[in-house]
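Colleague: below are the sequence and a predicted model; questions follow.
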Amino acid sequence: MCGIVGYIGEQQAYPILIKGLHRLEYRGYDSAGISLINDKGDLSVYKAKGKVSMLEESVKEKDVTGTIGIAHTRWATHGEPNAVNAHPHYSQSKNLALVHNGIIENYKSLRAEMEKNGMTFCSDTDTEVLVQLVEYMQNSHKCDLYTAVQLALKNVIGAYAIAILEKSKPDQLVCARKGSPLIIGVGKSDNGRAEFYLGSDATPIVEYTNQVIYLKDEEIAIMDRRGRLDITNLSNVKQTPQLVTIQMNLDQLEKGGFPHFMLKEIWEQPNALRTCIRGRLNVTDKDVLLSGIIDHKEKFLKCRRIIICACGTSWHSALIGKYFIEEAAQIPVEVEYASEFRYRNPVIYPDDIVIAVSQSGETADTLAAIQLAKSKGAFLYGICNVIGSSIARATDSGTYLHVGPEIGVASTKAFTGQVITLALLGLAIAKEKKTLSDEMFHMLVDEFQMIPDKMQWTLEHNKGIDKFAQMFTYCKNFIYLGRGYNYPVALEGALKLKEISYIHAEGYPAAEMKHGPIALIDEEMPVVVIAPKRGMYEKVVSNIQEIKSRKGKIISVVTQHDTVVKGMSDYTFVIPDTRDCFVPLLAVIPLQLLSYYVAIAKGRNVDQPRNLAKSVTVE
Ligand code: G6P
């Protein structure tokens, strides 16, 4: 949610900043802006409504020279998306320019206070209040920028990642964070001089350096071209920066011949999941090795309840994880919307384990939920994709998905990565607790190993979805149905369709239909039913019958060679046979493709759907 890029060094900053904004555009895309200090010492700010390409267009005739700069891509929270509200924001004297990710909760009272002192504001944003506050502190305390930022941030309630330029000090870049992520890349230019990069995540940085520092909450950093990098906290206590080497492949940040990141990420799933299980699932020895569990074995042996907190797609994968862990490890699991959990007074026992599931590892509600759980003494386990993310660092132990960066706003490979990781977790706990017979454990390990190949098969055998999807562009509603492990898949299929095609869709447990939603069925209503030849097959067949007799259109996901459901359906997607607990990993693939192709047929921007952001760092 909002992306920040920054650079100070010997190179021209503009190309680095623009490229970085393109890499971060998935975080927000309603407006963008850039600020540079040129060799003459002019501090410029250029902003445009819309995508980064609009910003590029708007600065074609402008001076964009300079070896220091900051840039921002916005997802509006305060003030409508337009060029005035876009970042960077100038201070009143235009001596400072600032970009911000987060929300300043007390911005109204701060603004009123400054207005009383004669300061004027151009925008509706909380960010302008922040930059004005820094200047106000500089003037009233006659101090340097760094001290003014410290003083200003002490008065601020809320979350922020900021980067700030000062016209009269073109040799320094100042940044700070609390609650919103900010990474400093430490590099060297061709002539060996120091250069520094800033990014809301590592994607704008990895092209130039793999040496990074994850700024911690309430830390402020100052960097200059002579290689100075000082970090203190708000009370001016010096902090020791920890340099981390990140491993990210640039190919992972490109579309690689696919028209959209989403389609690329759907097709990446078999390989991504091979990477996810590599070293963790040992088929020869029929074993599951998760260091996050092994290192805390006693906690898991003693644990009497698991609570999983998550949002969005991650909440859906958590539901599948619940079914798996309860079945395999015999531990009760509760799945909570992090945004609800954090504002209740939940009962947490000392032998509870609270798991956060989050692709980005930055979702504000999930982070707050686990902070609450920690304050009540729970042991925290993180399942994140982004390495070094806030949730990964806030938890006591955890497992990374290792599915590679996910850029498409609609989550696909992170969903299947989360399901796989939760299944590994369930098996690893089951092994420690000996809740499964050896025979069953070995059978599950063997089947697990085959899932990536079966995913590949599913992708290869559902290629006609693009043509079929055209028929559904007129639809205003969809219903998705599934039972058992496939109920969360129905929720996820419906969410994917809503997110990128803007068609209203609801997921339901199939048997709940008759308690209300069946009233919606008529010849206009497509009903997507996940009906594998396993578990509750016969019951799902009856549910389909009920829909057919009310003239609903059936789109089904069936097991290869199924004839019964196929005969009852207007269209079918096929998946290979697998055990019930692994069906979600296959069944979700045609649903991802269906949403993708319906959205394409409707002319939607699938990688950047309206109003959504990939990483929701505000509540
Ligand atoms: C946003 C994204 C979703 C994601 C959710 C939770 O809404 O658009 O795709 O599922 O946040 O994000 P997380 O990073 O915590 O999994």
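Modeller: Yep, that arrived.
Colleague: which SS state does the most centrally placed residue in the chain fall under?
Modeller: Centroid check for the chain by Cα atoms, centre = their mean gives S360 as the closest residue, at 3.6 Å. Recorded secondary structure, S360: coil (DSSP: H, G, I helix; E, B strand; the rest coil).
Colleague: hmm, it is touching C384, no?
Modeller: Yes: the pair S360 / C384 is scored as a contact, 7.5 Å apart, by Cβ atoms under 8 Å. For glycine as for every other residue, the C-beta is placed from the backbone atoms N, C-alpha and C.
Colleague: touching the ligand at all, the host helix or strand of A369?
Modeller: Element membership for A369, per DSSP states H and E: helix 364-375. Yes: interface with the ligand: helix 364-375 contributes T366 (Cβ under 6 Å from any ligand atom).
Colleague: what's the helix or strand that comes right after that helix in contact with?
Modeller: Downstream of helix 364-375, the next assigned helix or strand under DSSP H and E is strand 379-384. With Cβ atoms under 8 Å, 6 or more residues apart in numbering as the contact definition, strand 379-384 has outside contacts at 292, 296, 299, 303, 352-361, 370, 373-374, 391-392, 394-401, 418, 421-422, 425.
Colleague: quick one: average confidence on whichever helix or strand comes after strand 379-384?
Modeller: Next along the chain after strand 379-384, taking DSSP H and E as the criterion, comes helix 390-394. Computed over helix 390-394, the mean pLDDT rounds to 92.
Colleague: how far does helix 390-394 sit from its chain's centre?
Modeller: Put simply, helix 390-394 sits 14 Å off its chain's centre (Cα atoms, centre = their mean, to the nearest Å).
Colleague: quick one: list the elements packing against that helix.
Modeller: Packed against helix 390-394 by the contact rule (3 or more Cβ pairs under 8 Å, 6 or more residues apart in numbering; DSSP states H and E) you find helix 364-375, strand 379-384.
Colleague: are that helix and the ligand in contact anywhere?
Modeller: No: using Cβ under 6 Å from any ligand atom, helix 390-394 never reaches the ligand; the gap is at least 7.7 Å.
Colleague: all the strands of the stretch 451-600 of the chain, in order from the start?
Modeller: 477-482, 504-509, 526-531, 553-559, 571-575 (DSSP state E, counting those that start in this stretch).
Colleague: so, low pLDDT: which residues of the protein?
Modeller: Counting by pLDDT under 70, the chain contains low-confidence ranges at 1, 79.
Colleague: how about the residues of it near the ligand?
Modeller: 311-314, 358-360, 363, 366, 409, 411, 612, 614-616.
Colleague: can you show me the CA trace of stretch 585-599 as CSV?
Modeller: The C-alpha coordinates for stretch 585-599 follow below in CSV (Å, rounded to 0.1, in the frame of the first residue of the first chain):
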residue,chain,number,x,y,z
LEU,A,585,-4.2,-27.2,-4.6
LEU,A,586,-5.5,-28.5,-7.9
ALA,A,587,-9.1,-27.3,-7.9
VAL,A,588,-8.1,-23.7,-7.3
ILE,A,589,-6.1,-23.5,-10.6
PRO,A,590,-9.1,-23.6,-13.0
LEU,A,591,-10.8,-21.0,-10.8
GLN,A,592,-7.8,-18.7,-10.9
LEU,A,593,-7.8,-19.1,-14.7
LEU,A,594,-11.5,-18.5,-15.0
SER,A,595,-11.3,-15.2,-13.1
TYR,A,596,-8.3,-14.2,-15.1
TYR,A,597,-9.9,-14.8,-18.5
VAL,A,598,-13.3,-13.3,-17.5
ALA,A,599,-11.5,-10.2,-16.4
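Colleague: which parts of it are buried?
Modeller: Buried positions in stretch 585-599, judged by neighbour count with 16 or more other Cβ atoms under 10 Å: 585-599.
Colleague: got it, and stretch 247-254?
Modeller: Residues 248, 252-253 are the ones in stretch 247-254 that count as buried (16+ other Cβ under 10 Å).
Colleague: perfect, that will be all.
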